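Q: pasted the sequence and its predicted model underneath.
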Amino acid sequence: MRYLSSSFKVGVLGGGQLGKMLAQAASRWDLPLWVLDESRSFPAGSVCTHFVEGNFRDYDDVLRFGRQVDVLTIEIESVNLEALFQLQDEGKIIHPKPEALAIIQDKGLQKQFFFDHNLPTAPYSLLDEEEALEAARGTWAPFPFVQKLRKGGYDGRGVSVIRSREDRNKILPGPSIFEPLVSIEKELAVIAARNPSGQVLSFPTVEMVFNPEANLVEWLLCPAQIDPALEQQAQELACRTIEAFQISGLLAVEMFLTTEGKLLLNEVAPRPHNSGHQTIEGCYTSQFEQHLRGILDLPLGSTRIKAPSVMVNLLGEPGFEGPVIYEGFEKCIAMEGVFPHIYGKAVTKPFRKMGHVTVIDSDMEATMEKARKVQHTLKVIA
């Protein structure tokens, strides 16, 4: 297959910031990258080789787009599966394969997959919409528990923590997973990569810190502040998981480290992920280049760390909505080892992901100190 030619096309379903950064990685190799999404004004529209306006949830749009490219991948899970199965039947190369994506799209099937393949995860119950509403009336026990909608959840949406009967009004309507609230010491993530030839590598484990109000990752540390034996366990678990799914490209594997010292799988995402943005400056191979290597069956790149890094998500400030302003940008870029990534979204909203900043330094303590300065200096307002 002639990858580096003007006639070879990689297609991406989704034109958000992940599509943009995939296009930026592809441009280093002059690899034509086509994107399907609703508006050319979306982040990937300004940097990809060719932008097609359409809906990645629509059967006809995905089918038409997929027939124009040589390899098809995603930057978001909620794409039209029926079209992907049809394209696969026609011989199109698709990564992740629609069989794996069908499982991952449904958190109930995803949980059962973990159990079927002896991958450690928290116990759970599946409730249909009527049963979920019954839970809101207090008939499901015990408290506290976590509810996750089986489909449609994204960036913290579709998840509700129910700590007591007083929280029952937070129950979300729809078929759901209910699982006990695990006592967590840290939330970790490992991005694993695989190519069709069977080569598997994983990036170093990262430690995620969440914004309690928006349930979004606010910043992350790489490497995670855990002991070497636990790091090895996390790496092995991520590799076992991507091999179980037989996914080519990336699989972001989110984990809980319990207060008892156990690792439990939380969720997976078969694409580049927010927990891997720091790899652009912090590792020898970025997650975006690695995803391209994986889906094209190229040798996977080194995942070794160049320097300790902290990634700070740039979230829209509460109380601001409208044309975006980045306050404090000049002060941040004056700092050594600070790398802002602005996604190109014209309008900010409270807690909307508008960009991220990677901070690197010689040791983690210095890196964290500098990251705190960035977090307090750079504000996304309107």
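A: Nice, thanks for sending it over.
Q: domains in the chain, as residue ranges please.
A: 10-94, 123-180, 184-381 (automatic domain parsing).
Q: which one, of those domains, ends up nearest to Ala102?
A: Of all the domains of the chain, it is domain 10-94 that lies closest to Ala102, at 5.6 Å by Cβ to Cβ. Where C-beta positions appear, they are placed from N, C-alpha and C, glycine not excepted.
Q: now do the contacts for Gly153.
A: For Gly153, the contact set (Cβ atoms under 8 Å, 6 or more residues apart in numbering) comprises 107, 159.
Q: what pLDDT is listed against it?
A: Looking at Gly153, its pLDDT is 78.
Q: what does it show for phi and psi?
A: phi -70, psi 140 (degrees, to the nearest 10).
Q: in this structure, which helix has the most residues?
A: helix 228-245 (DSSP state H).
Q: C-terminal to that helix, what's the next element?
A: With elements assigned by DSSP states H and E, the helix or strand that comes after helix 228-245 is strand 249-258.
Q: kindly export that following strand (C-alpha atoms) in CSV.
A: The C-alpha coordinates for strand 249-258 follow below in CSV (Å, rounded to 0.1, in the frame of the first residue of the first chain):
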residue,chain,number,x,y,z
GLY,A,249,-4.8,2.1,16.3
LEU,A,250,-5.3,3.4,19.8
LEU,A,251,-7.3,2.3,22.8
ALA,A,252,-7.4,4.7,25.8
VAL,A,253,-7.9,2.5,28.9
GLU,A,254,-9.2,4.4,32.0
MET,A,255,-8.7,2.7,35.3
PHE,A,256,-9.4,3.2,39.0
LEU,A,257,-6.7,2.6,41.6
THR,A,258,-8.8,1.6,44.7
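Q: does Glu99 count as helix, strand or coil?
A: helix (DSSP: H, G, I helix; E, B strand; the rest coil).
Q: burial count for it?
A: Using other Cβ atoms under 10 Å, Glu99 is surrounded by 15 other residues.
Q: then Leu314?
A: Using other Cβ under 10 Å: Leu314 sits among 23 other residues.
Q: neighbouring contacts of the helix or strand of the chain with the lowest mean pLDDT?
A: Lowest on mean pLDDT, DSSP states H and E among the helices and strands of the chain sits helix 129-136, with a mean of 72. Under the contact criterion Cβ under 8 Å, 6+ apart, helix 129-136 has outside partners 127, 140, 147, 162, 168-169, 171-176, 178.
Q: rerun at 7 Å
A: By Cβ atoms under 7 Å, 6 or more residues apart in numbering, the list of residues contacting helix 129-136 from outside reads 127, 140, 168, 171, 173-176, 178.
Q: for the spatially most central residue of the chain, which non-adjacent residue is spatially closest?
A: A centroid search over the chain (Cα atoms, centre = their mean) returns His273, at 2.7 Å, as the residue closest to the centre. The shortest distance from His273 to any non-neighbouring residue, by Cβ to Cβ, 6 or more residues apart in numbering, is to Ala252 (3.4 Å).
Q: what sits against that neighbour?
A: 189, 191, 268-269, 273, 275-276.
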